[in-house]
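A.B. asks: With the sequence up front, the predicted model follows.
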Amino acid sequence: MDPARDLRIEVGDSAALDARELEEVHSLFARAYAQANHDYVDASMARLRTIARAREGGSLVGFALADVRFSSLPGFESPQLLLLAGIGCVELRLRRRGVFAHLSRCAARANGLLARRKGRFLACGRMAHPAGFRSMSRDPNAIPKRGHPLSSWHLEVGAVVAALYGVRLKPGTLIVQGGGRPVGHPRIEIDVAPEEWLPFRDVDRSRGDSLLGLAWHPDVPDGW
């Protein structure tokens with residue numbers, strides 16, 4: 001099934017949205033999340049340069065943020081290509097049909113750097129709960145991973161990625177230190193197995209903490 005069937009997809013610069021379009025984004029965010037932290041969305045849009053939006057009959061029913069850029073990373077002689085995935089929302093009645101994944105891909109592919117790449121890239125994302133981390137956690141190259149301690153290199157790279165998001169990590173972890181209040185709680189049941197919560201045991205969602213996930217594609221650098 002085509003997740004974008006009957007939807008109009010718009011991809012553009014996050015900073016170019018006008019006041020009405022920003023209000024649409026915040027309104028959808030409030031419908032999708034309880035205790036919606038609108039400052040978090042504004043901060044994300046200031047850092048992540050691309051937004052993909054889905055419309056149905058003129059109404060905004062979904063959005064996703066992303067940025068793809070080159071950045072210097074510890075342990076590499078040349079800048080590396082990074083995919084910074086961001087927050088997104090989909091209207092409740094359209095969930096679980098692949099709309100968010102489709103919008104995320106549209107945002108990530110917008111500037112063409114992924115299509116033109118000649119080597120590996122690092123996929124990055126912040127997740128507040130196991131359902132958001134599920135697809136990345138299944139990637140054999142993803143960290144953090146249960147039973148695999150983080151190395152100093154992992155933490156050094158994680159710190160640089162966190163800075164690109166405009167946040168900091170708790171020492172010795174890939175846990176993003178929150179701003180003191182929740183990002184928001186999805187208005188949907190989080191159906192996950194107990195073991196999927198284990199990487200989140202020190203993530204304080206009440207303070208806006210999240211987990212930073214990293215995954216190299218198609219392979220990992222030597223020594224990673």
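C.D. replies: Nice, thanks for sending it over. Numbers count the residues shown, from 1 in each chain.

A.B. asks: Who are the packing partners of the lowest-mean-pLDDT helix or strand in the chain?
C.D. replies: Ranking every helix and strand in the chain by mean pLDDT, DSSP states H and E puts helix 130-137 at the bottom, with a mean of 82. Under the contact criterion of 3 or more C-beta pairs under 8 Å, 6 or more residues apart in numbering; DSSP states H and E, the helices and strands touching helix 130-137 comprise strand 121-127, strand 210-217. For glycine as for every other residue, the C-beta is placed from the backbone atoms N, C-alpha and C.

A.B. asks: Take those and write them to TSV, including distance to A162, mean neighbour count and mean pLDDT.
C.D. replies: Converted to TSV, the helices and strands packed on helix 130-137 look like this (distance: least, C-beta to C-beta, whole Å; neighbours: other C-beta atoms under 10 Å; pLDDT from 0 to 100):
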stretch	distance to A162	mean neighbour count	mean pLDDT
strand 121-127	9	21	96
strand 210-217	6	22	97
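
A.B. asks: And those: which comes nearest G179?
C.D. replies: Ranking those by proximity to G179 (C-beta to C-beta) places strand 210-217 first, at 10.7 Å.

A.B. asks: sorry, back to before: nearest approach to G12 belongs to which of the helices and strands packed on helix 130-137?
C.D. replies: With C-beta to C-beta as the measure, strand 121-127 is the member of the helices and strands packed on helix 130-137 nearest G12 (21.0 Å).

A.B. asks: Show me what the closest one pairs with in its sheet, parallel or antiparallel.
C.D. replies: Each strand paired with strand 121-127, and its direction, by DSSP bridges: strand 80-90 (parallel), strand 210-217 (antiparallel).

A.B. asks: can you give me how far stretch 151-169 is from the chain middle?
C.D. replies: Using C-alpha atoms, centre = their mean, to the nearest Å, the mean C-alpha position of stretch 151-169 is found 15 Å from that of the whole chain.

A.B. asks: For Q35, see how far away the residue sitting furthest away from the middle of the chain is.
C.D. replies: In the chain, the greatest distance from the average C-alpha position (C-alpha atoms, centre = their mean) is reached by G57, at 27.0 Å. Look at G57 and Q35: by C-beta to C-beta, to the nearest Å, they are 29 Å apart.

A.B. asks: Wait, a helix at R53?
C.D. replies: No: under DSSP: H, G, I helix; E, B strand; the rest coil, R53 falls outside any helix and is assigned strand.

A.B. asks: Export the strands paired with strand 121-127 to CSV and append columns for distance to M136.
C.D. replies: Formatted as CSV, those follow (distance: least, C-beta to C-beta, whole Å):
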stretch, distance to M136
strand 80-90, 9
strand 210-217, 5
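
A.B. asks: what's near enough to touch the closest residue to A64 other than its chain neighbours?
C.D. replies: What sits nearest to A64 in space, not counting adjacent residues and going by C-beta to C-beta, 6 or more residues apart in numbering, is G88, at 3.3 Å. With contacts taken as C-beta atoms under 8 Å, 6 or more residues apart in numbering, G88 has the following neighbours: 62-65, 100, 103-104.
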